[in-house]
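J.: Any chance you can model this:
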Amino acid sequence: MLTKKYAFFLLTVILFWLKTYFVYLTQFNLGVNDKMQQFLLFLNPVSSALLFFGIAVIFKGRLQQWLLIIINFVLSFWLYANIVYYRFFSDFITFSTLPPKSTGNAGDLGGSVASLMNGYDVFFFIDTLIVFSLVLFKIARPSAERWSVRTIFTVFVSAVMIFIVNLSLAETDRPELLSRTFDRNYIVKYLGAYNFAIYDTIQNARSNAQRAMADSSDINDIQNFTKSNFAAPNPNYYAKAKGMNVIYVSLESLQSFAINYKMPNGQEVTPFLNKLTTGADDTTYFKNFYHQTGSGKTSDAEFMMENSLFPLSQGPVFQMKGFNTYQAAPAMMNQRGYETAVFHGNVKSFWNRDQMYKTLGYERFFDSKYYDMSAENTKNYGMKDKPFIKETLPYLSNLKQPFYSKLILLSNHFPFGMDKEDTTFQPGDFGDSVVDNYFQSANYMDQAVEQLFTDLKKAGLFDNTVIIMYGDHYGLSENHNDAMAKVLGKDEITPFDNAQLQKVPLFIHIPKIAGGTVSTYGGEVDVRPTLMSLLGINTKNYIQFGTDLFSKQHRQIIPFRNGDVITNKYSIVGGNVYENSDGKQVEASLGKPYEDIAKKMLDYSDKVIYGDLLRFYQPKGFIAPDVSKINYNTDQKIPPDSNYGISSDETKK
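T.: Below is the predicted model:
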């Protein structure tokens, strides 16, 4: 058989097709719900296989065979890269996550990438090994005869025709599949990973063209929308923190299920944060607060906190749109006499922060060069939380007051867990090492936050500072649902449960304002309007898609980049609508009005970012940051006598 003219080509296509289908079934959670979707999942690798392998058949003989092997390996490597990426992000690689746009990130991902690989992963190259062996040992002998032009043409036409049939059936099952690209899972499920890569490349080029074609009139409808949806401040909170310092604390990967959770042995995972939910230290806890991040995860959360704009549907906005014009909170605070600074125990280029922070208006950036990055102080993505806070306080206390600042904690990051010398808290026993270790590193972070509060009090900053602590994104993806069912005492994790697991904690300490737990529904885009209201800053004329969480007019609609929507009454997940009170499914029509509003918000936000529309609009009194005058390479070390009330040994750095 392998001596026949077309045999080796067909064998390569079939092996690759079946391997890809097997990967879809076993490595990705694509949500295949019916026979049509199952058929399309089986069909979609064919068109891309014929298209790419068809390149080789233009040539003849041994060259054709080696080209088939090379193309097979490249496609297999791309598929495997997506497998590893999906194990962590539950998402697929996009154009914007590839070098050079992601330069500076790859090296920092090394530790996590190694933990995501398995010994059986060699199987994902089994077809490459088979065809390579057949050629190497001359079992598959090349045909000296060149394929006819008609036959080559037939291969490419077949690829196109199969794709058209595939797309038509997909559009029948999922209307507006390519025009409403909220969720990459849908595109991969219906069209395949390789066709998605082509589509993503086209979309990236299209987004770059959008900026070039945009003009000042494009922002008019958006401005009218955001102004008409502005929520009037609550007089009980408005300007109650005027002139105070601001500290944001990013609680890495902390999900709300961990708050007030007790391990089987009775230990609380987050005992200090649990106290804050009762109103301790004048702190308000929002128990129905959701992350809304896309592929940018932590950086997306930062972007929403600073801008009240949504992240992009494809790619991290920090990397893709770092040179845009924004009207971010740091720039707003600069012109009101605040000193602005961000603290991060990693290299400044990580996720393009050194560029984006300038664009947002941060005057100072204390990155890894200002910290003791020795082995005992670091893990995974940078500095451990306790030494990070210990070394940050001298810098923080020597900022000119009032200041606006942000601390990014890192220890509670995949694959979680802590070094033995850092904690006595025992990991869980739920049959999944990632889930088990999550509780250990979450407890360590809780201790670090308590240390932060203690040190701020010692430094005399606590009673004049608004502290906003937020979980930036989920830590445990749907890949860990079996263990999470045990954690939550459920038989299984349903789509409704998955939506509720996107809750992350939000704590706001407001000096002299009584706190406690509130049930208001909100998301990360709502935080900037909330803070500005507390500071007595009117943002009605700013382009923002969130509303003040304390306002009686707060809009309790939370859009997600995958098309899901949460409201204070319903959870709309994968097109199905569930009652929040009991998780029971109700008529889909009940969710339609909320979906329409959410879509408009996301579409308008995308237009602002892709078109860089804020360059055409400037609110009265706003002064855009002069990026050319911001320099993070200057020495920012603290004076030697600055000890904010603690021992000099702790301030030597």
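
J.: alpha carbons only for contacts and neighbour counts from here, please
T.: OK.

J.: Quick one: list the elements packing against the biggest helix by length in the chain.
T.: Ranked by number of residues, the top helix in the chain under DSSP state H is helix 61-89. Under the contact definition 3 or more Cα pairs under 8 Å, 6 or more residues apart in numbering; DSSP states H and E, helix 61-89 sits against helix 7-27, helix 35-53, helix 110-116, helix 126-136.

J.: Show the low-confidence segments of the stretch 1-150 of the chain, by residue range.
T.: Within the stretch 1-150 of the chain, the stretches with pLDDT under 70 are 1-3, 89-90, 95-112.

J.: Return the residues in contact with the nearest residue to residue 549 once chain neighbours are set aside.
T.: The spatially closest residue to residue 549, leaving aside those adjacent along the chain, is residue 530, at 5.7 Å (Cα to Cα, 6 or more residues apart in numbering). Contacts for residue 530 (Cα atoms under 8 Å, 6 or more residues apart in numbering) come out as 547-550.

J.: for the one residue sitting closest to the centre of the chain, what are its contacts?
T.: The residue lying closest to the centre of the chain (Cα atoms, centre = their mean) is residue 297, at 2.1 Å. Each residue near residue 297 by Cα under 8 Å, 6+ apart is listed here: 316, 472-473.

J.: Model confidence for it, exactly?
T.: pLDDT, residue 297: 91.

J.: Number of residues surrounding residue 175?
T.: By other Cα atoms under 10 Å, the residues close to residue 175 number 12.

J.: Outline the domain layout of the protein.
T.: 7-210, 238-547+624-629 (automatic domain parsing).

J.: Distance from the chain centre to the first one, please.
T.: On the basis of Cα atoms, centre = their mean, to the nearest Å, domain 7-210 sits 24 Å off its chain's mean C-alpha point.

J.: related to what we said a few turns ago, can you tell which of the helices and strands packed on helix 61-89 is closest to residue 461?
T.: helix 110-116 (36.4 Å; Cα to Cα).

J.: Counting neighbours, what do you get for the residue lying closest to residue 379 once chain neighbours are set aside?
T.: Take residue 379 and drop its neighbours on the chain: the residue closest to it by Cα to Cα, 6+ apart is residue 411, 7.0 Å away. For residue 411, the neighbour count with other Cα under 10 Å is 28.

J.: just residue 587 next, same as before
T.: 10.

J.: pretty sure it contacts residue 577?
T.: Yes. The pair residue 587 / residue 577 is scored as a contact, 6.6 Å apart, by Cα atoms under 8 Å.

J.: Need the overlap of contacts for the two.
T.: The contact sets of residue 587 and residue 577 do not overlap (Cα under 8 Å, 6+ apart).

J.: Give the buried residues for the longest helix of the chain.
T.: Neighbour-count burial for helix 61-89 flags 61, 64-73, 75-76, 79-80, 82-89 (criterion: 16 or more other Cα atoms under 10 Å).

J.: could I get the helices and strands packed on helix 61-89 as CSV with mean neighbour count and distance to residue 557?
T.: Formatted as CSV, these follow (neighbours: other Cα atoms under 10 Å; distance: least, Cα to Cα, whole Å):
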stretch, mean neighbour count, distance to residue 557
helix 7-27, 18, 33
helix 35-53, 20, 30
helix 110-116, 14, 34
helix 126-136, 17, 47
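
J.: Quick one: closest of those to residue 272.
T.: For residue 272, the closest of the helices and strands packed on helix 61-89 is helix 110-116, at 28.4 Å, according to Cα to Cα.

J.: Which ones among the contacts of residue 297 lie within helices?
T.: Reading helices off these, I find no matches (DSSP H).

J.: just to revisit the earlier point, okay, the residue nearest to residue 379: pLDDT?
T.: Residue 411 carries a pLDDT value of 95.

J.: residues contacting residue 583?
T.: Residue 583 neighbours (Cα under 8 Å, 6+ apart): residue 496.

J.: That one in helix, strand or coil?
T.: Secondary structure, DSSP: H, G, I helix; E, B strand; the rest coil: residue 583 is coil.

J.: Quick check: phi and psi on it?
T.: phi 80, psi 10 (degrees, to the nearest 10).

J.: Distance check, it against residue 86.
T.: Taking Cα to Cα, to the nearest Å as the criterion, residue 583 is separated from residue 86 by 27 Å.
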